[in-house]
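Chemist: Give me coordinates for this.
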Amino acid sequence: MTSLTENRIRHHAIPKRRFSPLAWVALARQRRALRSLDDRALADIGVTRDAARIEGQRAFWDVPNNWRD
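Modeler: This is a model prediction of the structure:
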């Protein structure tokens, strides 16, 4: 029997819908580009260096919340 916490983690990590391989590639490319932005470009889009680093390190299958459901 799994605990509620394990179910939440498992549910959060895997998207419910299936996406095309192009969507996965695009997401990985965007995250890589976000990591490479300088501080001025990050300030222009309102993202801190730490937030960009965290987002850039996410795995390609860890999709944004608005992709779920």
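Chemist: From now on I want contacts and neighbour counts done on CA atoms only, so please keep to that.
Modeler: Noted.
Chemist: Tell me where the chain has helices.
Modeler: Using DSSP state H, the helices assigned to the chain run over residues 4-13, 21-36, 39-45, 49-57.
Chemist: what would those look like in CSV with distance to N65, mean neighbour count and mean pLDDT?
Modeler: Shown next, in CSV, are those (distance: least, Cα to Cα, whole Å; neighbours: other Cα atoms under 10 Å; pLDDT from 0 to 100):
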stretch, distance to N65, mean neighbour count, mean pLDDT
helix 4-13, 9, 11, 50
helix 21-36, 13, 15, 91
helix 39-45, 19, 11, 96
helix 49-57, 13, 15, 94
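Chemist: got CSV for these, with distance to W67 too?
Modeler: Shown next, in CSV, are the helices of the chain (distance: least, Cα to Cα, whole Å):
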stretch, distance to W67
helix 4-13, 11
helix 21-36, 11
helix 39-45, 21
helix 49-57, 15
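Chemist: N66 is nearest to which of the ones you listed?
Modeler: Closest to N66 of the helices of the chain, according to Cα to Cα: helix 4-13, at 12.1 Å.
Chemist: where's stretch 43-55 relative to the chain centroid, distance-wise?
Modeler: Averaging C-alpha positions (Cα atoms, centre = their mean, to the nearest Å) puts stretch 43-55 13 Å from its chain's average.
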